[in-house]
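Asker: With the input below, show me the fold.
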Amino acid sequence: MNWPSKGSLVTMQTYHLTPNLVCISCGSVIDSEVGQDTVSELRGIISEESSFTVASQRVDFYGLCEGCSP
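Answerer: I've put the predicted structure just below:
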């Protein structure tokens, strides 16, 4: 296995910009198609308005899934 050298930038490719919906009761994780455009727009704003180059992002929302909701 080839590990990166110390000080190397390690990035993950993000192919889907969908938020994750994580159930705090059963632990299920759902990729939400809702909000995909907003996440993509936010990534663009961050890149344009700061000196920060976004390599990857992760958006998680925690709550109860349909099966666990009261």
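
Asker: so E48 sits in a helix?
Answerer: Yes. Counting by DSSP: H, G, I helix; E, B strand; the rest coil, E48 falls inside a helix.

Asker: Give me the neighbour count for it.
Answerer: 7 (other CB atoms under 10 Å). The way it works is simple: take the backbone N, C-alpha and C, and place the C-beta from them, glycine included.

Asker: Report pLDDT for it.
Answerer: pLDDT, E48: 91.

Asker: which ones are touching the residue most central in space within the chain?
Answerer: Taking CA atoms, centre = their mean, the centroid of the chain lies closest to R58, which sits 1.7 Å from it. Neighbouring residues of R58 by CB atoms under 8 Å, 6 or more residues apart in numbering: N20.

Asker: give me the element it is part of.
Answerer: According to DSSP states H and E, R58 maps onto no helix or strand at all.

Asker: so who does the closest residue to S25 other than its chain neighbours touch?
Answerer: In space, and not counting its chain neighbours, S25 is closest to C68: 3.8 Å by CB to CB, 6 or more residues apart in numbering. Applying CB under 8 Å, 6+ apart to C68 gives the contacts C23, S25, C26.

Asker: Please narrow the residues you listed to those residing in helices.
Answerer: Nothing among those maps onto helices, per DSSP state H.

Asker: Now render the residues you listed as JSON lines, adding distance to L64, neighbour count and pLDDT.
Answerer: JSON lines is the format used below for the contacts of C68 (distance: CB to CB, whole Å; neighbours: other CB atoms under 10 Å; pLDDT from 0 to 100):
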{"residue": "C23", "distance to L64": "6", "neighbour count": "17", "pLDDT": "97"}
{"residue": "S25", "distance to L64": "6", "neighbour count": "11", "pLDDT": "98"}
{"residue": "C26", "distance to L64": "9", "neighbour count": "10", "pLDDT": "97"}
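
Asker: right, and out of the residues you listed, which lies closest to V39?
Answerer: Within those, proximity to V39 (CB to CB) peaks at C23, which comes in at 19.8 Å.

Asker: Look up the closest residue to that closest one, ignoring the ones flanking it.
Answerer: Closest residue in space to C23, ignoring its immediate chain neighbours: C65 at 3.9 Å, by CB to CB, 6+ apart.
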